[in-house]
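In: Okay, predicted coordinates and the sequence, questions at the end:
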Amino acid sequence: MKFILRFLRPYKIKCMAVLITIIIDVICSMLVPTITADMINIAVSGGSIDAIIQRGILMLLVSLLSGGCMLAGSWLCAKLSAGIGKDIRNAVYDKSLEFSSADFEEFGTASMITRTLNDINVIQQAFVMFIQMVIPVPFMCVVGIFFAFRINRNMGFLILGATLFVLIFAMFIVSRASRIFEKLQSFLDRMNVVLRENITGVRVIRAFNKEKHETGRMKKTFTDYAVSAIHANRLFAGLDSLAMVTINICVVAILYLGGNNVGAGTMKIGDITAVTEYAIWILFYIVMAQMVIILVPRAIICKRRIEEVLLKTPEIKDGTGRLKDKANVSGKAGIGDCDVISFENVSFRFADADEDTLREISFCCKRGETTAIIGGTGSGKSTVAKLLLRFHDVTGGRILFKNHDIRDISQHDLREHISYVPQKAWLFSGTVADNLKYGNSGATKEEMIRALSTAQSDFVKDLKGGLDAYVAQGGTNYSGGQRQRLSIARALAKKADLYVFDDSFSALDFKTDAALRHALEKEIKNSAVLIIAQRISTIIHADRIIVLDDGKIAGIGRHEELLKSCPVYRDISESQMKGGANGR
C-alpha cells in the first residue's frame with residue numbers, strides 16, 4: 001500500500017474527485033430501482049399519471065447524473081493512471097542510473113525491460129480497473145443492502161448472505177492465484193531472455209544448425225507460461241460460474257419470498273422489482289470485480305518486482321563533493337606537471353570472484369601527456385577504465401582525480417570532466433549531429449566538423465545530409481571502423497580534462513590508426529590521455545606505457561625502455577611486430 005500511496009500523493013485532488021464521482025454514481029444507480037418501484041406501486045394502487053410522470057422525470061435526471069459521473073470518473077481515472085505510470089517509470093529509470101554494472105546484472109537486461117514495460121503496464125491496468133470496478137463494490141453493497149432492509153428485513157438478510165458468500169469464495173481464489181501469477185512473471189522474464197538470445201544470436205544459431213534445438217527451447221518456455229496461465233484462468237472461470245449461479249438463485253429466492261410477502265400484504269409488488277434490481281446490481285458489480293481481481297494478484301507481484309528495483313541499495317554510493325573548476329583545456333598552466341588522475345595501490349575484486357582482478361595498481365596520467373595500458377586478454381585493462389568512471393568502486397587503495405578521491409565526488413561531476421570512448425562503439429538512433437552533441441549539447445557546426453576531421457571521419461561529408469545523415473540504432477548502417485571513428489568524434493566534441501580510449505582503435509587499419517593518433521596529439525594536447533589497447537602500434541609513441549599481466553603491473557616506461565626491461569612487453573612486441581621492430 002505504501003508503494004501506491006507514494007505515487008498517489010501528487011494526485012490527491014484527482015483521487016478525491018474520482019472517489020466523489022464513484023459515490024454519486026453508486027447512489028444514483030441504486031436510486032433508479034427505488035424510483036421504479038414507486039412508479040409501479042403508484043400505478044398498481046391507481047395513482048395519478050402526473051405522479052408517475054414526475055417520478056419518470058426524476059429518474060431521467062438521476063440517470064443523466066449517474067452517466068455523467070461515470071464518464072467523468074473514467075476520464076479522471078485514465079489521467080490518474082497515466083500520471084502514476086509515468087512517475088513509476090521515471091523512478092525505475094532514475095534508480096537504474098544509480099546502479100553499477102554488478103547491480104544491473106543482478107536483475108538482468110531482460111528482467112529490467114519486463115519490469116519497466118510489462119510490469120508497470122499491469123499495475124496501470126489493475127489500478128484503473130480496480131478504481132472503476134472494485135472500489136464501487138463496498139459502496140454498492142452498503143447502499144443496496146441498506147435499501148433492501150428498508151423494504152423488508154428478510155430481503156436484506158438474503159442479499160447480505162449472497163454477497164458475503166461470493167466475496168469469501170473470491171478471496172479464496174485470489175489467494176491461490178497469487179502464487180501462480182508470481183510464477184507467470186518469472187516465466188515472462190525467461191521468455192524475454194530466450195527471445196533476445198534467439199534474435200541477437202540468429203547468425204550463430206544458423207552457423208551451427210541449431211534451429212531445432214532453439215525451437216525446442218522456445219517451445220518449452222512458452223509451454224511453461226501457457227500451463228500456468230491456463231491454471232489461473234480455470235480458477236477464475238470457476239469463480240465466474242459460481243457468481244452467476246448465485247445471482248440466479250438469489251433472484252429466484254427474491255421472487256419466491258417476495259411473492260409470499262405480497263400475498264401476505266407485508267410487501268408491495270413494486271418492492272419486489274426494486275429488491276431484485278438491488279441484488280442484480282450488487283452481484284453484477286461483484287462479478288465485474290472478480291474479472292478485475294484476476295489482475296490483482298499479478299499486479300501485486302509486479303509491484304513487488306518494481307519495489308525490488310526501487311529499494312535496491314546501489315553498490316556505489318554517490319559522493320557529495322564537487323570539482324570547483326571546469327575542464328581546464330586552455331593549456332596556460334601545469335602542462336606535464338599536474339596529475340589529472342592518479343591510482344594509488346588500487347585493487348579490485350568482483351563481488352562473485354575468488355581473487356582480485358587488479359592488484360596494487362599505481363600510476364598517474366598527467367596533463368599534456370599520453371598514458372597507455374597494454375596487456376593480454378583478461379589482464380584487467382578495461383576494468384581500469386570502469387574504475388575511473390566509477391562503474392565499479394575500488395576494493396583497495398584509492399583513485400584521485402585532480403587530487404580528490406573520486407568516491408568523494410559526485411558521479412555526475414566526475415564524468416563531466418572525462419570524455420570516454422567505449423570498447424564497443426555504440427551510436428544512438430538519430431543523426432550524426434545528434435550523436436556528436438551527446439557529450440556536448442552546445443557543440444557548434446564548426447566544432448563538430450573539427451571533431452570529425454580529427455577522428456578521420458571525413459566520410460560524413462559524402463553522406464546524404466552530411467551532419468544530418470541518418471544513424472540507425474547501434475549505428476548498424478555503418479561499418480565497424482566508421483562506428484569507432486564516430487564514437488571517437490563524439491568524445492572529441494566534448495572538452496574534458498581526461499580522454500579515455502578503451503581499445504577504441506581495434507577496428508581501424510594501421511594507416512587510419514596512425515593518422516588519427518597524429519591528429520589527436522594536436523587536438524587534445526592540453527588534456528591527459530589514457531589509451532587502453534592491444535596493439536603496440538597504437539601506443540608505441542605514448543609518454544608512459546603500463547604493462548598489465550594477470551591484474552598486476554609488469555612494467556612502466558616508454559616503448560624502448562620496456563623492450564629492454566619488461567619480458568611481458570617484449571613477448572607482446574615480438575608476437576605483433578616481428579622481433580620488436582619500431583612502429584613502421
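Out: Received it, and whenever you're ready, just let me know what you need.

In: Need the nearest residue in space to residue 251, chain neighbours excluded.
Out: Once flanking residues are discounted, residue 251 sits nearest to residue 276: 5.9 Å by Cβ to Cβ, 6 or more residues apart in numbering. Bear in mind the C-beta positions are built from the backbone N, C-alpha and C, glycine included.

In: Run through the residues that contact the one you found.
Out: Counting by Cβ atoms under 8 Å, 6 or more residues apart in numbering, residue 276 touches 251, 254, 255, 258.

In: Please, which helix or strand holds it?
Out: helix 269-293 (DSSP states H and E).

In: Now the element after that helix, going C-ward?
Out: helix 295-310.

In: my guess is residue 393 meets residue 315, correct?
Out: Yes - in terms of Cβ atoms under 8 Å, residue 393 counts as a neighbour of residue 315; the distance is 6.9 Å.

In: quick one: residue 507 and residue 423 touch, right?
Out: No - the pair residue 507 and residue 423 does not pass the contact test of Cβ under 8 Å, sitting 10.7 Å apart.

In: ok, residue 573 - how many residues close by?
Out: Counted with other Cβ atoms under 10 Å, residues neighbouring residue 573 total 22.

In: if we can go back for a sec, overlap of the contact sets of residue 393 and residue 315?
Out: residue 100.

In: Low-confidence regions, this structure specifically.
Out: Counting by pLDDT under 70, the ranges of the chain that qualify are 1, 294, 324-338, 577-584.

In: Spatially nearest residue to residue 128 (excluding sequence neighbours)?
Out: Once flanking residues are discounted, residue 128 sits nearest to residue 81: 4.6 Å by Cβ to Cβ, 6+ apart.

In: relative orientation of the helix or strand hosting that neighbour and helix 295-310 in degrees?
Out: Secondary structure assignment for residue 81, by DSSP H and E: helix 49-98. Between helix 49-98 and helix 295-310, the angle comes out at 30 degrees (axes from the mean of the first three to the mean of the last three Cα atoms, to 10 degrees).

In: Could you tell me how far helix 49-98 lies from the centre of the chain?
Out: Chain-centre distance of helix 49-98: 28 Å, with Cα atoms, centre = their mean, to the nearest Å.

In: returning to that earlier point: enumerate the positions of the helix holding residue 276 that are buried.
Out: By neighbour count on 16 or more other Cβ atoms under 10 Å, the buried set for helix 269-293 is 269-283, 285-290, 292-293.

In: now do stretch 299-312
Out: 299, 300, 301, 302, 303, 305, 306, 309, 312.

In: again with stretch 388-402
Out: Buried residues in stretch 388-402, defined by neighbour count with 16+ other Cβ under 10 Å: 388, 389, 390, 391, 392, 393, 394, 397, 399, 400, 401, 402.

In: can I get those in a markdown table with distance to residue 24 and secondary structure?
Out: Listed next are those as a markdown table, based on distance: Cβ to Cβ, whole Å; DSSP: H, G, I helix; E, B strand; the rest coil:
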| residue | distance to residue 24 | secondary structure |
| --- | --- | --- |
| 388 | 62 | helix |
| 389 | 57 | coil |
| 390 | 55 | coil |
| 391 | 55 | coil |
| 392 | 57 | coil |
| 393 | 57 | coil |
| 394 | 62 | coil |
| 397 | 67 | strand |
| 399 | 63 | strand |
| 400 | 66 | strand |
| 401 | 62 | strand |
| 402 | 64 | coil |
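
In: what two of these are the furthest from one another?
Out: Pairwise distances among the buried residues of stretch 388-402 were taken by Cβ to Cβ; the largest, 20.5 Å, belongs to 392 and 402.

In: Surely residue 59 is in contact with residue 35?
Out: Yes - with contact defined as Cβ under 8 Å, residue 59 and residue 35 form a contacting pair (4.6 Å).

In: Now do the strands in the protein.
Out: In the chain, the strands defined using DSSP state E lie at 339-348, 358-366, 370-375, 396-401, 404-405, 418-421, 430-431, 470-471, 498-502, 528-533, 544-549, 552-557.

In: Show me the contact partners of stretch 182-197.
Out: So stretch 182-197 is contacted by 108-111, 113-114, 118-119, 217-218, 221-222, 224-225, 228-229, 232, 297-298, 301-302, 305 (Cβ under 8 Å, 6+ apart).

In: If we use 6 Å, what do you get?
Out: By Cβ atoms under 6 Å, 6 or more residues apart in numbering, the residues outside stretch 182-197 that reach it are 110, 111, 114, 218, 221, 224, 225, 228, 301.

In: Select only the buried ones of the residues you listed in ChimeraX?
Out: Buried subset of these, written as a ChimeraX selection, criterion 16+ other Cβ under 10 Å:
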select :110,111,114,221,224,225,228,301
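
In: Just the contacts of stretch 182-197: which are in helices?
Out: Counted as lying in helices by DSSP state H, out of the contacts of stretch 182-197, are 110, 111, 114, 218, 221, 224, 225, 228, 301.
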